[in-house]
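> Coordinates for the following, if possible.
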Amino acid sequence: MRNFIILFLIGLAITVSSCRQDFVFESSTGDLTFSRDTVYLDTVFKNIGSSTYSLKVYNNSSKDIKIPTIQLGKGQNSKYRMTVDGMVGENNRVFHNVELLAKDSLYIFIEVTTDVANANPTDFLYTDQIQFDSEQNFQKVELVTLIKDAYFLYPKIIDDEGHTESLTIGTDEIYGFFLDENDPINQNEYEWKNDKPYVIYGYAAVPSGKTLTINAGARIHFHADSGLIVGSGGSLHIEGGLSSTAALENEVIIEGDRLEPDFSDVPGQWGTIWLTDGSTNNEINHLTLKNSVVGLLIDHNNGTTTTIKNTQIYNSSNIGIYAKTAKIKGENIVINNAGEVALACSLGGNYEFKHCTFNNNWSSSRQVAVLVDNYYKDSTTNEQVPFVLEQAAFKNCIIFGSNQVELLLNKSTKNPETNWTTPVFSKCQIKFNNTSNQFTNNPDYAFLNDANQIIKNGNPDFLDSYSNMLNIGNACDSNGFGDDLNIPFDIIGIQRQVNGGKVDIGAYQHIAFPTN
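Residues are numbered from 1 along each chain as shown. Coordinates of the predicted model:
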C-alpha cells in the first residue's frame, strides 16, 4: 500500500507539472487565419436586427497564444455586436487577452442593428472591422451590411399601459390595425408605393368603403404571424406590370421580412392575404407571392368577381389559393409547392381558369395540386353541409405534381343535381395515375379518357419545378394542344404562337431551354 501511494503521488506531480507547461500562453504574433476575410451580413431594414453570422479564427501554430485585443474598429460606437467563444466582453464590442490553444480555433458571432442614416449615402452600406491585436501584429476582418429604408406599418400603442391596436375577427382579437388615410409618418396608407419597401407587423386591415392600391414595383414584407385583411365592403387592387429584366422591376412582390438567401424559399414565414366575405371587386395583376401559410384566402366576396392575372404563388405551407364559395376569373396563374393543395376551390362557388399552371412537388404528406369540392362535414352531426358549385372551368391548364394523382373532385351526395355543376376541363394536361383503381368506376373522372381534351400524365417538361421554374420546353407534350382563347401573351410577356388555331397550354409559351 505504501508503494502504491508513493507511485500515485509521483504520477499526480507529473500530471500537474505537465498541465502547467501546456497552459503557458504566449502573445499572438499576428499569424491568425480566418474562415473568411469579409463577413457580409445580408440586407436588413433600418433598426431591425440582423440574423447572427459566424467567423472562425484559427491558431495554426504549435504554441498556445493570448490575443491582446479583439475589438470592433468603431469601438463602443459600432452598430455591430459580437460574442467571442461565448464571451460578451465590453458591451459585445471589445475583448482583452483572449486565449487560443495551439492548433485550435474559436468562433466569433456577429449581428447588427442600425439606421439607414448611419450607412454610406451613396450605396447604403454600413461597414466596420473586427480588429485583432495592434501595430506590427495587427490583423482585421471586414464587416459589410446593406441597410434598406422602409415604410413600417404596425399596431400603434393606444394607452399609457402599453396596449396596442387590435382587430376583432368573430369573437377573437388579433394583433392588427386599420390602415390610416392620414398617417403622420406614412401619409396615405391606402396607396402602397414603390419608392421603398413596406414592412408590416400584425394584420393590416382595409375597412369598408376603402380600396388599398399597391403600385407596380412595390415590395411588401410581412413579419411572422402578419398579413393583410380586406374587410367587408373594402377592395384590393394590386396593379403590378410586366417587367423587362430579371429584377422584376414592375412586378409587385409580397414575401416575408427575412431577407437572407437561406430564407428565400422557406414556406410559412407569414400569414395570408385574406379577401373576406363581403370584400368586393378585388383585382390582382402581376403579383409574385412567396412563403406564406396561405397565399390568397378568398371568401364569398359579396358575390363579385375576383380577377387574378399574371400571378405567381410559391411555397405556401398550407394552400396557394384557398377559395371558399368565391367567384374567380384567373388567367396566366402559376402556383407551385404547397403543404396541402396548390389550388382549393372549396365550398362551391364559381371559377374560371385559363392558361394556368398548378403544380405541387411538396415532398412530405399532402393532398393534390387542385381540389374542387362543394361541402364540409358538420363537426357535431358529421353530416354534409352542401354549397352550390355554379361553375368550375379549367381551360388550357396544366395540373401536375409529384404524386400519382393531382386532381381531386369531392361532390356532396346531398341533392347533387342542384348543388353540383360538373367541372369542365378542356384542353388540359393532368397528372392522374389511378394505380389503386379507387377512381375506376367514378363517373366524375370519366372525362380524363377523352384524348381530344385531356393529356393524361405525359411530360410537362418544366425547366425546374423544384426551384419554382415552371417554364415549359420543346419536349412538353402540351405544346400546341390548346385552343386559342385570345390571351395573346404568356405570364412573362412572350407572345403565344398560334398555329392553326392551336396554342401551348399552361401559363408559359414553350421555349428552347439553354444547354450547359
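
> How is residue 136 classified with respect to secondary structure?
The local conformation at residue 136, judged by DSSP: H, G, I helix; E, B strand; the rest coil, is helix.

> hang on, it packs against residue 27?
No. Taking contact to mean C-beta atoms under 8 Å, the distance of 11.4 Å between residue 136 and residue 27 leaves them out of contact. Any C-beta I mention is one placed from the backbone N, CA and C, and that applies to glycine too.

> Of the two, which one has the most company?
For residue 136 and residue 27, the more surrounded residue by other C-beta atoms under 10 Å is residue 27, and the numbers stand at 13 against 7.

> Am I right that that one is in contact with residue 68?
Yes. If you go by C-beta under 8 Å, residue 27 and residue 68 touch, sitting 6.7 Å apart.

> Confirm for me that residue 101 is in contact with residue 61.
No. Judged on C-beta under 8 Å, residue 101 makes no contact with residue 61 at a distance of 10.2 Å.

> Give the bridge partners for the residue nearest to residue 153 when sequence neighbours are not counted, please.
Taking C-beta to C-beta, 6 or more residues apart in numbering as the measure, residue 153 lies nearest to residue 200, with 4.8 Å between them; neighbours along the chain are not counted. On the basis of DSSP bridges, residue 200 takes part in beta bridges with residue 153, residue 222.

> got the contact list for residue 200?
If you count contacts by C-beta atoms under 8 Å, 6 or more residues apart in numbering, residue 200 has them with 153-154, 220-223, 226-228.

> Could I get those in TSV, plus columns for neighbour count?
Converted to TSV, the contacts of residue 200 look like this (neighbours: other C-beta atoms under 10 Å):
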residue	neighbour count
153	23
154	17
220	24
221	22
222	27
223	19
226	23
227	23
228	24
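
> Name the nearest of those residues relative to residue 250.
Lowest distance from residue 250 to those (C-beta to C-beta) belongs to residue 220, with 14.5 Å.

> and that closest one, that one's in a strand?
Yes. Assigned with three-state DSSP, residue 220 falls within a strand.

> got a list of what the residue nearest to it when sequence neighbours are not counted touches?
Nearest residue to residue 220 in three dimensions, chain neighbours excluded: residue 254, at 4.4 Å (C-beta to C-beta, 6+ apart). By C-beta under 8 Å, 6+ apart, the residues touching residue 254 are 220, 222, 273, 287-290.

> In strands, which of the residues you listed fall?
Using DSSP state E to define strands, the subset of these located there is 220, 222, 273, 287-290.

> CSV for the residues you listed, including distance to residue 482 and pLDDT?
Converted to CSV, the ones in strands among the contacts of residue 254 look like this (distance: C-beta to C-beta, whole Å; pLDDT from 0 to 100):
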residue, distance to residue 482, pLDDT
220, 33, 98
222, 36, 97
273, 30, 98
287, 24, 98
288, 24, 98
289, 26, 98
290, 28, 98
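
> looking at those residues, which has the most residues close by?
Each of the ones in strands among the contacts of residue 254 was scored by neighbour count (other C-beta under 10 Å); the top score is that of residue 222, with 27 neighbours.

> Can you show me the CA trace of the strand or helix carrying residue 297 as PDB?
Counting by DSSP states H and E, the element that carries residue 297 is strand 294-298. What follows is the C-alpha trace of strand 294-298 in PDB, where atoms were taken according to Å, rounded to 0.1, in the frame of the first residue of the first chain:
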ATOM      1  CA  VAL A 294     -52.000  30.500 -47.300                       C
ATOM      2  CA  GLY A 295     -51.200  32.700 -50.300                       C
ATOM      3  CA  LEU A 296     -54.700  34.100 -51.100                       C
ATOM      4  CA  LEU A 297     -57.600  33.300 -48.900                       C
ATOM      5  CA  ILE A 298     -60.700  34.300 -50.800                       C
END
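
> so after that strand, what's the next helix or strand?
Moving on from strand 294-298 towards the C-terminus, the next helix or strand you reach (DSSP H and E) is strand 306-316.

> Direction included, what does that following strand pair against?
Using DSSP bridges, the strands paired with strand 306-316 are strand 283-290 (parallel), strand 319-338 (parallel).

> winner for burial among the ones you listed?
Neighbour counts averaged per stretch over these are highest for strand 319-338, at a mean of 25; criterion: mean count of other C-beta atoms under 10 Å.

> residues contacting the residue minimising distance to the centre of the chain?
When the chain is reduced to its mean C-alpha position, the nearest residue by C-alpha atoms, centre = their mean turns out to be residue 291, at 2.2 Å. Taking C-beta under 8 Å, 6+ apart as the contact definition, residue 291 lies against 255-256, 263, 265-270, 314-316.

> let's see it at 7 Å
Taking C-beta atoms under 7 Å, 6 or more residues apart in numbering as the contact definition, residue 291 lies against 255-256, 265-267, 269, 315.

> returning to that earlier point: can I get the contacts of residue 254 in TSV including distance to residue 164?
Supplementary listing: the contacts of residue 254 in TSV, determined by distance: C-beta to C-beta, whole Å:
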residue	distance to residue 164
220	21
222	17
273	22
287	29
288	31
289	27
290	28
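
> which of those lies closest to residue 430?
Using C-beta to C-beta, the shortest approach to residue 430 within the contacts of residue 254 belongs to residue 289, at 24.3 Å.

> what is the closest one paired to in the beta sheet?
The residues paired with residue 289 through beta bridges, assigned by DSSP bridges, are residue 254, residue 313.

> right, and it touches residue 308 too?
No. At 10.6 Å, residue 289 does not count as touching residue 308 under the criterion of C-beta atoms under 7 Å.

> Would you mind listing the residues touching both of the two?
Here residue 289 and residue 308 have no joint contacts, going by C-beta under 7 Å, 6+ apart.

> those strands in the stretch 351-500 of the chain, which residues are they?
Per DSSP state E, counting those that start in this stretch, the stretch 351-500 of the chain has strands spanning 357-360, 370-373, 375-377, 384-386, 389-395, 398-401, 407-410, 424-426, 428-430, 454-456, 462-464, 469-472, 482-483. These are given in chain order.

> For residue 176, report the pLDDT, please.
The pLDDT attached to residue 176 in the predicted structure is 96.

> Over to the one 4 residues further on?
In this prediction, residue 180 carries a pLDDT score of 94.

> Skipping adjacent residues, who's closest to it in space?
Nearest one to residue 180, counting by C-beta to C-beta, 6+ apart, is residue 189 at 5.1 Å.

> With distance to residue 249 as added columns, please give the strands paired with strand 306-316 in JSON lines.
As requested, these are arranged in JSON lines below (distance: least, C-beta to C-beta, whole Å):
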{"stretch": "strand 283-290", "distance to residue 249": "11"}
{"stretch": "strand 319-338", "distance to residue 249": "19"}
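
> wait, which of the ones you listed is closest to residue 211?
In this view, the strands paired with strand 306-316 are compared for proximity to residue 211 by C-beta to C-beta, and strand 283-290 is the closest at 9.7 Å.

> so how far is the closest one off the chain centroid?
In terms of C-alpha atoms, centre = their mean, to the nearest Å, the gap separating the centre of strand 283-290 from the centre of its chain is 14 Å.

> what are the C-alpha coordinates of it, in CSV please?
Provided in CSV are the C-alpha atoms of strand 283-290 (Å, rounded to 0.1, in the frame of the first residue of the first chain):
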residue,chain,number,x,y,z
GLU,A,283,-58.2,42.8,-58.8
ILE,A,284,-54.7,41.3,-58.9
ASN,A,285,-52.3,41.6,-61.7
HIS,A,286,-48.5,40.8,-62.0
LEU,A,287,-48.1,39.6,-58.4
THR,A,288,-45.4,37.3,-57.1
LEU,A,289,-46.3,36.0,-53.6
LYS,A,290,-44.0,33.7,-51.7
